[in-house]
Structures are given as C-alpha cells and as structure tokens.
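A.B. asks: Need coordinates for the below:
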Amino acid sequence: MKLLDESVVLVGYLIAAVLFILALKGLSSPRKARRANRLGAAGAVVAILVYVLGHDIQNGLWIALAVLVGTAIAVPAARRVQMTQMPQLVAAFNGVGGGAAALVAVVEFTHGPDAWAGTVIAFTVFIGGLSLTGSFVTFGKLQGIITSRAVVFPGLGVLLGLLALASIVTAVVMVATGNLLYAAILLALGLIIGVLFVLPIGGADVPIVISLLNAFTGLAVAGSGIVLSNVLLLIAGTLVGASGTILTMSMATAMGRSVTGIVFGAFRRVGKGGSDAAAIDRPVRTVTAEDVAILLEYSSRIVIVPGYGLAVAQAHHAAAELAEYLTAKGADVVFGIHPVAGRMPGHMNVLLAEANVPYESLVEMDVVNGQFKSTDLVLVIGANDVVNPAAKSSPGSPIYGMPILNVSEAKQVIFLKRSLNPGFAGIENELFYDPKVSIALGDAKATLSQLLTAVKATA
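C.D. replies: The predicted structure follows:
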C-alpha cells in the first residue's frame, strides 16, 4: 500500500541526493568527515523510507529479513575493524555493492527488457561481477591472504583480451535472444576477468585499484538505476562513479603514475629493484631509544613520518604524546604525510586525528618536501615505500616514478621498524644503508614509549 504520492517520493529522493552530495563534500576535510558520514547515513535512511512508503512492496517479510541479516553482519564488522584494516573493509563493502548490482540486473533481465534496457543490464552484470571479484582480490592482497606482489604468467594479456572479446559477444547474444543463460555466462566472465584484472597489480598500486573498482561499482549501481527507472539509484551511482574516478586520478598523480600505466603496465614482470643478498651482506647502523633521545634533545626542527607500521602497532597515541612533549620543550615538530601512507588516502590523517594531533601539525608531502633540508632529524615510524629512493633511482622498481618524502635531505634520519623486511611493494630500501640513517628495531609502540621515557630523563 502506497502511503506517499509520487511527487513526495521525488522530493524525498532529491533530499537524499543533496545529503549524499554534502557527505561527499564533507569527506574532503578531516574536520568535517564525521559529520559528513552522518549526513550520508541520513541520506540512505531517507532514501529507503521514501521508497518503502511510496511503493507497493512485495515480499516485505523477505526484504525485512535481508535487512536484519545485513545489519547483523555489517554493524559488528564496522565497529570491530581496526583502523589498519579499514582499506580491507572498504574493498569488501565495495565488492558486495558491485555483486548486488549485478544480481539485481540479472533478475530484471528475466522481465523481458527491450534492447536499450537489455544493453544496460548487460553492462551492469559484467561490471558488477568484475567489481565483486576484483574487490575481494584486493582485500586478499591487503590482508596478506594473497601475495602483494604482481602475479603474472605468460599469455595473461592475450587471455584477458580473449575474455573481453567473449564478454562483448556474449552481451550481444544475450540482448538479441533474451536468454537468461547468456546473462549467467556474462556474469561468470565478469567474475573471472575481475580476478585476472587485479592479480597482476603490485602491492604499491593496490590502493589505486580499490578506488578504480569503487568507480566501477558506482557505474554498476547507476546502471541498476536506469534499469529500475529509479532516479535516486542513478544519482547515487553516478556520484560514486564520478568521485571514485576523481580519487583514482588524484591518487595516480600522487603516485607519479598514469591509470593506464598502472593497469596495463602490470602485465609485464618487474624487478624487485634490489637483491636480498646485497641487503644481507650490507650492515645497517642500529641505535637504542636512549641514543635517539639524545639526538632529539639537540634537534630544534623534527619531522615525524608515519606509515602503515605505526598503524599496525597502534602507536599513533605514543607518537602524538612524544610530539606534544617535544613541542612543549620548544622544538618545531610536524608530521610529514604522504598521500597514500597507510594504504589509503587520508588514512594517516584520520589515525592521527584520533590521537588528537592538531590538524595544523599534519603537513602534506608537497609542503614538507621543501622543508627537509632545514630539518635536524626525521623520525620515520613504520614507513618504507613512501621514503624509498628507489622511486627515483631504480627504473625497474615497482615504485619507480612515485613521488616520495625526501627524508634523505635531512641532517639525521631515524627509522623505527619491527624488522628490515621490505615494505608493501616488496623491495629493499637503499636508504637503510645511508651513513646518516640509523634504525631502532622493535615494536613501534614499545620503542616510542621507551623513547619518551628517555627524552624525559634527559631533560
């Protein structure tokens, strides 16, 4: 039974769309991100209520049950997820969205659509399936279930080309015949291509691929909106697709790459940019927390570079406390933020905001790079790839061309690392062997606590 007129439903959709736009706008600033998330959630609630009250709902019990099951899974998952696992959660949710859009399109195909609607359905089925499996492969790479290295084999490019051609032929036959079997085949092809599309992507480029797949999911949702004649789905899907595309381009620029280079360049094998044997034979200079405390005591300008290791160790509060203490003693302390530190744009900003680090203390890469030459000491906590000189000096490296934080220009560099293992890109860091670089090995949180105690002792 309809409780709302169609005009009221359209107004409700407009309100929801405005809330979505305001949410996206607010997410561009850490200060407004929390409020922006609430606006987006409010928009989703408005959209669902307006739709339910403005249509004759069939199988309402099954719909309510599905909502309850989804809520029971999603709420605990979102509450329990660690900040370090946020990229994996985004990838998983994105994949589920793409899969849902594909299934909706398959169901709609059973209603005998015309040629135009059938074409849109074919596109949605394929893109949704690709986004589903592609997103879960990125989840596996980030979680460590699948190797973060590029997985390639001879003939991969040819195989993908043949599968893409088969998908086009299947889509044409599917629209022409109206046979559900071809819709199932097209979905299967999308699922397979999603896996083969992401496997060759190396670890350093996975965050960009997540954003690209997010744009794909948006397109699939927009396609569902066209098929269902639902204006709000079309608007929401377009917003996600457009924002995902913009973010992908921005991230690629920050990494010094082109999107086509990231995707198609992955089909050739790349070197590691350094040999493990060389790393074993070459000594590194190690220091204790007490040694670092003495260096900090004589440093007037300090840059702290946070990385994924800091997030894993949950050391952001300890880093914030150290920075606050040093600042109180008169030192100029800032945090140098790489655009993709932590594997997602804004990851470090959110993590440090959680530790109450002032926003003005977070200095972006373009600004802080001009300040390293006048910096007395750089404290690199759990970062590797974003400061690795191989990005500039090793053309065969997976990160070659990626802009980095030029920490090597500072007078002293201290790494806080659990081990000397390579970073997410899987390559050695030549900076470890620089004469002015020292390494304090151990858990970042424990080392920072020892360091703070030592710094206070030297006062």
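
A.B. asks: which parts of stretch 124-132 are buried?
C.D. replies: 124-132 (16 or more other C-beta atoms under 10 Å). For glycine as for every other residue, the C-beta is placed from the backbone atoms N, C-alpha and C.

A.B. asks: now swap in stretch 329-343 and tell me
C.D. replies: Neighbour-count burial for stretch 329-343 [16+ other C-beta under 10 Å]: 331, 333-343.

A.B. asks: Which ones among these lie within strands?
C.D. replies: 333-337 (DSSP state E).

A.B. asks: Any chance of CSV for those, columns pLDDT and distance to Leu296?
C.D. replies: Listed next are these as CSV, based on pLDDT from 0 to 100; distance: C-beta to C-beta, whole Å:
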residue, pLDDT, distance to Leu296
Val333, 95, 10
Val334, 95, 14
Phe335, 95, 15
Gly336, 94, 16
Ile337, 91, 20
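
A.B. asks: and which of those residues is nearest to Val9?
C.D. replies: Ile337 (43.7 Å; C-beta to C-beta).

A.B. asks: For Gln314, see how far away the closest one is.
C.D. replies: 18 Å (C-beta to C-beta, to the nearest Å).

A.B. asks: repeat for Val104
C.D. replies: Taking C-beta to C-beta, one finds Val104 at 40 Å from Gln314.

A.B. asks: Name the residue in these two with the higher neighbour count.
C.D. replies: Here Val104 and Gln314 are compared on neighbour count by other C-beta atoms under 10 Å; more neighbours surround Val104, at 21 against 16.

A.B. asks: for that one, helix, strand, or coil?
C.D. replies: Judged by DSSP: H, G, I helix; E, B strand; the rest coil, the three-state class of Val104 is helix.

A.B. asks: Which residues are in contact with Leu228?
C.D. replies: With contact taken as C-beta atoms under 8 Å, 6 or more residues apart in numbering, Leu228 is in contact with 104, 108.

A.B. asks: Distance of it relative to Val413?
C.D. replies: Counting by C-beta to C-beta - Leu228 and Val413 are separated by 56 Å.

A.B. asks: Can you tell me the element Leu416 falls in?
C.D. replies: Following DSSP states H and E, one finds Leu416 within strand 412-417.

A.B. asks: helix or strand for Trp116, which one?
C.D. replies: helix 115-143.

A.B. asks: Correction: the previous question concerned Gly12.
C.D. replies: helix 6-26.

A.B. asks: just Phe216 next, same as before
C.D. replies: helix 206-228.

A.B. asks: Pull the residues that contact the helix or strand just after that helix.
C.D. replies: Next along the chain after helix 206-228, taking DSSP H and E as the criterion, comes helix 231-254. Helix 231-254 has contacts (C-beta under 8 Å, 6+ apart) with 10, 13, 16-17, 20-21, 24, 47, 51, 101, 207-208, 211-212, 214-226, 258-259, 262, 339-340, 345, 365, 403.

A.B. asks: Buried ones in helix 231-254, by neighbour count?
C.D. replies: Buried, per 16+ other C-beta under 10 Å, within helix 231-254: 232-241, 243-245, 247-249, 251-252, 254.

A.B. asks: send the alpha carbons of that helix over as PDB?
C.D. replies: Output of helix 231-254 as PDB, limited to C-alpha atoms (Å, rounded to 0.1, in the frame of the first residue of the first chain):
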ATOM      1  CA  VAL A 231      16.300   8.300 -10.100                       C
ATOM      2  CA  LEU A 232      18.000   8.100  -6.800                       C
ATOM      3  CA  LEU A 233      20.000   5.000  -7.700                       C
ATOM      4  CA  LEU A 234      21.100   6.700 -10.900                       C
ATOM      5  CA  ILE A 235      22.200   9.800  -8.900                       C
ATOM      6  CA  ALA A 236      23.900   7.800  -6.100                       C
ATOM      7  CA  GLY A 237      25.700   5.500  -8.600                       C
ATOM      8  CA  THR A 238      26.800   8.500 -10.700                       C
ATOM      9  CA  LEU A 239      28.200  10.300  -7.600                       C
ATOM     10  CA  VAL A 240      30.100   7.200  -6.500                       C
ATOM     11  CA  GLY A 241      31.400   6.600 -10.000                       C
ATOM     12  CA  ALA A 242      32.500  10.200 -10.500                       C
ATOM     13  CA  SER A 243      34.100  10.600  -7.100                       C
ATOM     14  CA  GLY A 244      35.800   7.200  -7.500                       C
ATOM     15  CA  THR A 245      37.200   8.300 -10.800                       C
ATOM     16  CA  ILE A 246      38.400  11.600  -9.500                       C
ATOM     17  CA  LEU A 247      40.000   9.900  -6.500                       C
ATOM     18  CA  THR A 248      41.700   7.400  -8.800                       C
ATOM     19  CA  MET A 249      43.200  10.100 -10.900                       C
ATOM     20  CA  SER A 250      44.300  12.100  -7.900                       C
ATOM     21  CA  MET A 251      46.000   9.000  -6.300                       C
ATOM     22  CA  ALA A 252      47.600   8.100  -9.600                       C
ATOM     23  CA  THR A 253      49.000  11.600  -9.800                       C
ATOM     24  CA  ALA A 254      50.200  11.400  -6.200                       C
END
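
A.B. asks: Rounded mean pLDDT for that helix, please.
C.D. replies: Mean pLDDT, computed over helix 231-254, is 86.

A.B. asks: How about stretch 106-120?
C.D. replies: 91.

A.B. asks: now do stretch 263-279
C.D. replies: Stretch 263-279 comes out at a mean pLDDT of 48.
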